[in-house]
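Enquirer: Please work out how this folds:
(one chain, ligands or ions: 1)
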Amino acid sequence: MREIGIGLLGLGNVGAGVVKLLKDNAQAIEARLGARVVVHAIAVRELEKARPVEVDRDLLTRDVAEVIARDDVEIVCELIGGADRARSAVLEAIARKKHVVTANKLLLAMHGEEVFAAAEKQGVDVYYEAAVCGGVPVIRTLREGLASDRIDAIYGIVNGTSNFILTSMASVGRPFADVLADAQARGYAEADPTLDIGGGDASHKLAILIMLCFGVTVDADEIFVEGIEHLDPIDFVYARKFGYEIKPLAIARQVEGEIEARVHPAMVPQTWLLADVPGAKNALYVHSYALGASMYYGAGAGMMPTAMAAVSDLIEVARNIRAEVAGALPLRSYQALVHQPLRDIAELRCRYYMRFSVVDQPGVLGRITTVLGNHAVSIAQVVQEESARPSRPDGDDTQGTERPVWVVVLTHEAREGNVQQALMQIAELDVVVEPAAVIRIAQYIVP
Ligand code: HSE
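Expert: Predicted coordinates:
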């Protein structure tokens, strides 16, 4: 039987999953492919280390170049992560006419142009299903399943760690740091978890999705990003009172010929399927001209789901090799891509949830609503709890009429630039005690 040789770069969580899946599902893979997929070498940082799978010690080397250069390696599977080392390894593999499978969203968001141009020049495949939404096959869906359609907007939960944290905060009110540690222990989080909680990981994935959906390349650094670190458990309580769940969204839409792209926690109406995506699960809601609404859901992080996507890519590249079309098929769903700047976030229009911490004095509400009104931010609903809020464990012991209370405002649709100006002015009012908590409310706005 024909053998397709694999060189694996990295044997962390996902790399171990790839080895396990190739072994556990060897029969099914052979039956589907009519060939055997064989790992010939694995580059690791440490040779002696406990690993979640049993691996033949003779396969291991610390030398990435040695793995890439082997004659029996036809596909290099890059799972080392990060941008720099991965970039040089992938470019080296391509230069040696090796096909590449990668799960590296940072690499593709930062150096995708260079990688794809090199692959096209050398006539090799670069597949990257595992880079976005873990095991959920969104790349294949956008590239092939929706190839005849025109996409207007996508709304995604594309970071499992953030979703896991927000789900736990909403359901059990556990402290942020505890839940993050749990996500790390389960293998969801990046080596640098600030990429997860700060929204960077989601923005890298969004840049890849924008390329596939709209046929343009964008600077991932230009995407508006707001993390989840600042969320307060009380906002989850208010969200539910108003009929919302707080979810970490990545949104890209075509608006007036421009692309609006943003990553931030959002209040999602409980009636939406996206509100019901729990834990580390990911989902992508797509609105397209012919199909209308469609949604793709599943495990967005973790060892076996992510490995599943990478191994499926290995099989697809192996099929291409066998059919002698490897390197001949478009890798990014469009033939030619243009670079496009993103729409200024100040032009975003949406509804807002705002929670102000103010002293309980006559006229305070009027002062806040006046500033909002002056900036054309129209109010849909206001709530002020009758009793003062409870003391915080951090020593909030203000008494009597000086004790802060929360005023919660839901706005009608407003312009982001105006909202930010109004918030700056409100922050300067002498009755305001803490910075306002502001969460955008998600709306499906289809052009
Ligand atoms: N850290 C990522 C997440 C892993 O939590 O979604 C999958 O890309």
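Enquirer: What is the neighbour count of residue 235?
Expert: Residue 235 sits with 23 neighbouring residues when counted by other C-beta atoms under 10 Å. Placement of C-beta: from N, CA and C, glycine included.
Enquirer: Run through this protein and note the low-pLDDT ranges.
Expert: 386-402, 445-447 (pLDDT under 70).
Enquirer: Domain ranges for it, per the record?
Expert: Following automatic domain parsing, one gets these domains for the chain: 3-131+303-330, 138-299, 345-441.
Enquirer: so residue 251 sits in a strand?
Expert: Yes: assessed by DSSP: H, G, I helix; E, B strand; the rest coil, residue 251 belongs to a strand.
Enquirer: OK, contacts around it?
Expert: Contacts for residue 251 (C-beta atoms under 8 Å, 6 or more residues apart in numbering) come out as 153, 154, 155, 156, 260, 261, 262, 263, 266, 442.
Enquirer: Distance check, it against the ligand.
Expert: For residue 251, the distance to the ligand equals 17 Å [C-beta to the nearest ligand atom, to the nearest Å].
Enquirer: any idea how far that residue lies from residue 21?
Expert: Separation of residue 251 from residue 21 (C-beta to C-beta, to the nearest Å): 32 Å.
Enquirer: next one: residue 49
Expert: Distance of residue 49 to residue 21, given as C-beta to C-beta: 20 Å.
Enquirer: wait, residue 204 sits on residue 106?
Expert: Yes: contact between residue 204 and residue 106 holds when scored by C-beta atoms under 8 Å: they sit 5.3 Å apart.
Enquirer: anything in contact with each of those two?
Expert: residue 195.
Enquirer: okay, those two: which has more neighbours?
Expert: Shown here are residue 204 and residue 106; by other C-beta under 10 Å, residue 204 has more neighbours (29 against 22).
Enquirer: how would you label the residue of the stretch 251-400 of the chain at minimum distance from the ligand: helix, strand or coil?
Expert: In the stretch 251-400 of the chain, the residue that lies nearest the ligand is residue 301 (3.8 Å; C-beta to the nearest ligand atom). Under three-state DSSP, residue 301 falls in the coil class.
Enquirer: Against residue 199, how distant is residue 269?
Expert: 21 Å.
Enquirer: So between those two, which is more surrounded?
Expert: Neighbour totals were compared for residue 269 and residue 199, and residue 199 leads with 27 against 15 (other C-beta under 10 Å).
Enquirer: follow-up on the earlier one: burial count for the residue of the stretch 251-400 of the chain closest to the ligand?
Expert: Neighbours of residue 301 using other C-beta under 10 Å come to 29.
Enquirer: Excluding chain neighbours, what is closest to it?
Expert: Excluding the flanking residues, the one nearest residue 301 by C-beta to C-beta, 6 or more residues apart in numbering is residue 160, at 3.2 Å.
Enquirer: count of neighbours near that neighbour?
Expert: 28.
Enquirer: With residue 290 instead?
Expert: Neighbour count for residue 290, taken as other C-beta under 10 Å: 8.
Enquirer: Assign a three-state SS to it, would you?
Expert: coil.
Enquirer: Now the phi/psi pair for it, please.
Expert: Main-chain dihedrals, residue 290, degrees, to the nearest 10: phi -90, psi -40.
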